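Asks: Sequence first, then the predicted structure, then my questions.
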Amino acid sequence: RKEVEQDPGPFNVPEGATVAFNCTYSNSASQSFFWYRQDCRKEPKLLMSVYSSGNEDGRFTAQLNRASQYISLLIRDSKLSDSATYLCVVKAGKLIFGQGTTLQVKP
Amino acid sequence: NAGVTQTPKFRILKIGQSMTLQCTQDMNHNYMYWYRQDPGMGLKLIYYSVGAGITDKGEVPNGYNVSRSTTEDFPLRLELAAPSQTSVYFCASSYQNTGELFFGEGSRLTVL
């Protein structure tokens, strides 16, 4: 089993749609969780940290479920500019990157 | 404020050649990292450093070397390049070991 698993997609959604990505992790001792965004042929950039109580940043909501060992990212009212690959990152001592989920938002 | 700067952005090497990827950051971060990213794969940690004079191996260190003589610079050396080292290399830094990384723009290396 991979340490961090994501559905690679691609997720193709129309503008304005709501889309959710899940990410599962295997190490129950994982301490911190993040979502990074990576545009095509660009570097990853931190989108948001994921807190135990869940957190929201504009149209983006991140949730953590420690019991089931997954984190999620919800994007509301999708924009064309949201098209990117979203990387799930888990810190269990070291940082472990998921392979990413690709989102394509269509007009 | 430039952040993390990597050079070169692109390079083609022949098998057996050597080269150094340069990385510098101007944020006074203690932690610096080198990752490689292969198509469809997550980032794999090659080497990291927690401060000047201190380096340690990551998941995939074979075929690479690093040094950290200053807080700002963290070069990655490839000795005897092999086709398996064809990849995109990212340098990153962080203030502490928090998981909040700042990445350089990447260096695309092809070994033929």
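Replies: That came through fine.
Asks: Flag every buried residue along the worst-scoring helix or strand of chain A on mean pLDDT.
Replies: The weakest-scoring helix or strand in chain A, judged by mean pLDDT, DSSP states H and E, is strand A:94-97 (a mean of 91). For strand A:94-97, the buried set under the neighbour-count rule, 16 or more other C-beta atoms under 10 Å in any protein chain shown, comprises A:L95, A:I96, A:F97. C-betas here are computed from N, CA, C, even on glycine.
Asks: likewise stretch A:26-40?
Replies: Of the residues in stretch A:26-40, A:S30, A:S32, A:F33, A:F34, A:W35, A:Y36, A:R37, A:Q38 count as buried by neighbour count, 16+ other C-beta under 10 Å.
Asks: Can you give me the end-to-end span of stretch A:21-31?
Replies: Using C-alpha to C-alpha, to the nearest Å, one end of stretch A:21-31 lies 20 Å from the other.
Asks: Stretch B:40-60 now?
Replies: Its first and final residues considered, stretch B:40-60 spans 17 Å by C-alpha to C-alpha.
Asks: How far off centre is the lengthiest strand in chain A?
Replies: In chain A, assigned by DSSP state E, the strand with the most residues is strand A:84-92. The chain centre lies 6 Å from the centre of strand A:84-92; the measure is C-alpha atoms, centre = their mean, to the nearest Å.
Asks: Show me what it is packed against.
Replies: Using 3 or more C-beta pairs under 8 Å, 6 or more residues apart in numbering or on different chains; DSSP states H and E as the contact definition, the elements that strand A:84-92 packs against are strand A:4-6, strand A:19-25, strand A:32-38, strand A:70-75, strand A:94-97, strand A:101-106.
Asks: Kindly recompute the last result at 6 Å.
Replies: Using 3 or more C-beta pairs under 6 Å, 6 or more residues apart in numbering or on different chains; DSSP states H and E as the contact test, the elements touching strand A:84-92 are strand A:4-6, strand A:19-25, strand A:32-38, strand A:94-97.
Asks: Between strand A:70-75 and that strand, find me the angle.
Replies: 150 degrees (axes from the mean of the first three to the mean of the last three C-alpha atoms, to 10 degrees).
Asks: Who does strand A:84-92 pair with, and is each partner parallel or antiparallel?
Replies: In its sheet, strand A:84-92 lies beside strand A:32-38 (antiparallel), strand A:94-97 (antiparallel), strand A:101-106 (antiparallel), with partners assigned from DSSP bridges.
Asks: Can you tell me what sits against it?
Replies: Taking C-beta atoms under 6 Å, 6 or more residues apart in numbering or on different chains as the criterion, the residues outside strand A:84-92 that touch it are A:4, A:6, A:21, A:23, A:25, A:27, A:29-39, A:44, A:95-98, A:100-102, B:99.
Asks: can you put the buried residues of stretch A:26-40 in CSV and add pLDDT?
Replies: CSV is the format used below for the buried residues of stretch A:26-40 (pLDDT from 0 to 100):
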residue, pLDDT
A:S30, 90
A:S32, 94
A:F33, 96
A:F34, 96
A:W35, 97
A:Y36, 97
A:R37, 98
A:Q38, 97
